[in-house]
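Student: quick check, what structure comes out for this input:
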Amino acid sequence: MRNHTIEELVCQFQVSGSSLYELNEIIILLYKQNNNDALNLVLKLAMSDYGGITFKAELQIIAMLGTLHWGIKGLEKLGKSTIKNDCFRAINNVTRLLSHISSKSLNDFFFANSNLPCIKRLNLENEKYKTEEWITNAKKVLIEVVKSVEKNDIFPLGLIQNLIYPFNISAQEHMFAALMIRWFNFNSNNVYKYLELIESTTKKEIIYHNFLKNNPYILEPFHAQIWSKPKFGENLIPDFLIRSMDDAYTVIEIEEPNTSIMTKSGELSAKTTHAKKQALDFRDWAINNNLYASRKYQNIYRPFCLVVIGRESELTEVQKQRLKQENESTQGILKIVGFDKKTFRKTIS
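Tutor: Coordinates of the predicted model:
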């Protein structure tokens, strides 16, 4: 290997390589190089057809896992490469990998427990792969890939096959959810309706509530159930309660897009503070009355909270930074977002 550049080694392996151990050595070298050029070469290996050899999928999967060495950036570029190539095998392998990460079941993915040094270095059993950052980004990339590939097929084989052949049930459910989003969003009318709605200055809160009720994928693409105006105790009625496919619950309070999220001095506005308190009150009720609550909402336990209010695009840089700090201070328990939050748009665009 010493007589060739790393790029030449990658090109040679694509033509004549057949050994997982040889691939491992190349990927280890790319880890050491550890820059964008190295990541692009790993992606090249992940997307390669290897001349159509029988076990090309094994080589592709090892390289796909290798992109995780570059963290979230590797995950995002893997999605973009899959969309660009629009190749059956890459679509099939990458969406399966993403669904395993998004469902916290990476340990069950092909070769995740391999003894190859390039895989062992990734430490795929590490809890970091189950953090909100990894899960959220894996969901986002999964949706982007599922919605962008095999455009002319109503039942895209590269995606549908992941529902036919058995693998981790949670990953399978996430794959199904992504496909549902694809099918429900062939019509772009809802995109424009939503964007027009959140820019309106005359609509009442009930209008936004009903739109989100009819389009719950905006709130949670991977929802299993949604309740509108559920009753918590005698007087506690949040706007929504959502159960995700992993049985996590989220209590949601919405205000209007025209409501200010922050004051000019960078503090939460009175309405944001009130909505935050309400959401946390609902959470406390579910915790303190868990036996009763779980009879109505199966497996509910310490639900997350989401407050949807105002427009983040109208915040100054100082206000955006303060909002970020506010969200970080709750350690994932509660999040405050604007109606124009990018993740909402990505869900429906």
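
Student: so what's the most centrally placed residue in the chain up against?
Tutor: Central residue check for the chain by CA atoms, centre = their mean: the C-alpha nearest the mean position is that of Lys139, 2.0 Å away. Contact analysis of Lys139 by CB atoms under 8 Å, 6 or more residues apart in numbering lists 98, 102, 174, 221-222. For the C-beta atoms, the positions are set from N, CA and C on the backbone; glycine is no exception.

Student: 7 Å - rerun?
Tutor: Lys139 sits next to 102, 221-222 when contact means CB atoms under 7 Å, 6 or more residues apart in numbering.

Student: pLDDT value on it, please?
Tutor: For Lys139, the pLDDT comes out at 88.

Student: okay, buried residues for the helix or strand encompassing it please.
Tutor: Take DSSP states H and E as the rule and Lys139 turns out to sit in helix 132-148. Of all the residues in helix 132-148, those buried under the rule 16 or more other CB atoms under 10 Å are 134-135, 137-148.

Student: could you do stretch 45-59 as well?
Tutor: Buried residues in stretch 45-59, counted by 16+ other CB under 10 Å: 45-48, 50, 58-59.

Student: which one among these gets closest to Ala275?
Tutor: Among those, Ala46 lies closest to Ala275 (CB to CB), at 43.8 Å.

Student: distance check, the closest one against Asn168.
Tutor: Separation of Ala46 from Asn168 (CB to CB, to the nearest Å): 21 Å.

Student: what's the closest non-adjacent residue to Phe88?
Tutor: Gly158 (4.4 Å; CB to CB, 6 or more residues apart in numbering).

Student: list of residues touching stretch 284-302?
Tutor: If you take CB under 7 Å, 6+ apart as the criterion, stretch 284-302 is touched by 232-233, 236, 241, 247, 249, 303.

Student: C-alpha coordinates for it, CSV please?
Tutor: Coordinates of each C-alpha in stretch 284-302 appear next as CSV, following Å, rounded to 0.1, in the frame of the first residue of the first chain:
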residue,chain,number,x,y,z
ASP,A,284,-45.6,17.1,36.6
TRP,A,285,-49.2,15.9,36.7
ALA,A,286,-48.3,12.9,34.5
ILE,A,287,-45.4,12.1,36.8
ASN,A,288,-47.3,12.5,40.1
ASN,A,289,-50.3,10.7,38.9
ASN,A,290,-48.5,8.1,36.8
LEU,A,291,-50.7,5.1,37.8
TYR,A,292,-53.8,6.9,36.7
ALA,A,293,-52.3,8.5,33.7
SER,A,294,-50.8,5.3,32.3
ARG,A,295,-54.2,3.7,32.3
LYS,A,296,-55.4,6.2,29.7
TYR,A,297,-52.0,6.8,28.0
GLN,A,298,-50.2,3.4,27.9
ASN,A,299,-46.6,3.5,29.2
ILE,A,300,-46.6,7.3,29.7
TYR,A,301,-43.7,8.3,32.0
ARG,A,302,-41.9,11.6,32.4
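
Student: so where do the strands sit in this protein?
Tutor: Assigned by DSSP state E, the strands in the chain fall at 223-228, 240-244, 249-254, 304-308, 334-337.

Student: how about low-confidence regions in the stretch 151-300 of the chain?
Tutor: Where the stretch 151-300 of the chain drops to pLDDT under 70, the residues are 154, 166, 184-192.

Student: might one say that Phe304 is in contact with Ser244?
Tutor: No: applying CB atoms under 7 Å, one finds Phe304 not in contact with Ser244, separated by 9.2 Å.

Student: any idea how this structure splits into domains?
Tutor: Using automatic domain parsing, the domain parsing of the chain gives 6-184, 189-348.

Student: which one of the ones you listed has the most crowded surroundings?
Tutor: Of all the domains of the chain, domain 6-184 has the most neighbours on average by mean count of other CB atoms under 10 Å, namely a mean of 18.

Student: any chance of the contacts of stretch 284-302 in a markdown table, with distance to Thr273 too?
Tutor: Shown next, in a markdown table, are the contacts of stretch 284-302 (distance: CB to CB, whole Å):
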| residue | distance to Thr273 |
| --- | --- |
| Phe232 | 20 |
| Gly233 | 22 |
| Leu236 | 17 |
| Leu241 | 21 |
| Asp247 | 30 |
| Tyr249 | 23 |
| Pro303 | 20 |
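
Student: out of the residues you listed, which is nearest to Ala178?
Tutor: Using CB to CB, Asp247 comes nearest to Ala178 of the contacts of stretch 284-302, at 18.4 Å.

Student: who are the contact partners of the closest one?
Tutor: Asn299.

Student: and it, how close does it get to Gly71?
Tutor: Distance from Asp247 to Gly71, counting by CB to CB: 27 Å.

Student: what's the answer for Lys231, then?
Tutor: 43 Å.

Student: one more: Asn289?
Tutor: 40 Å.

Student: repeat that for Gln12.
Tutor: Using CB to CB, Gln12 is found at 28 Å from Gly71.

Student: same question for Ile119.
Tutor: Using CB to CB, we find Ile119 at a distance of 16 Å from Gly71.

Student: also Ala248?
Tutor: Distance, Ala248 to Gly71, using CB to CB: 24 Å.

Student: residues in contact with the residue nearest to Val251 when sequence neighbours are not counted?
Tutor: Counting by CB to CB, 6+ apart, Phe282 is the residue found nearest to Val251 once chain neighbours are left out, at 4.5 Å. Neighbour list for Phe282: 232, 236, 238, 251 [criterion: CB under 7 Å, 6+ apart].
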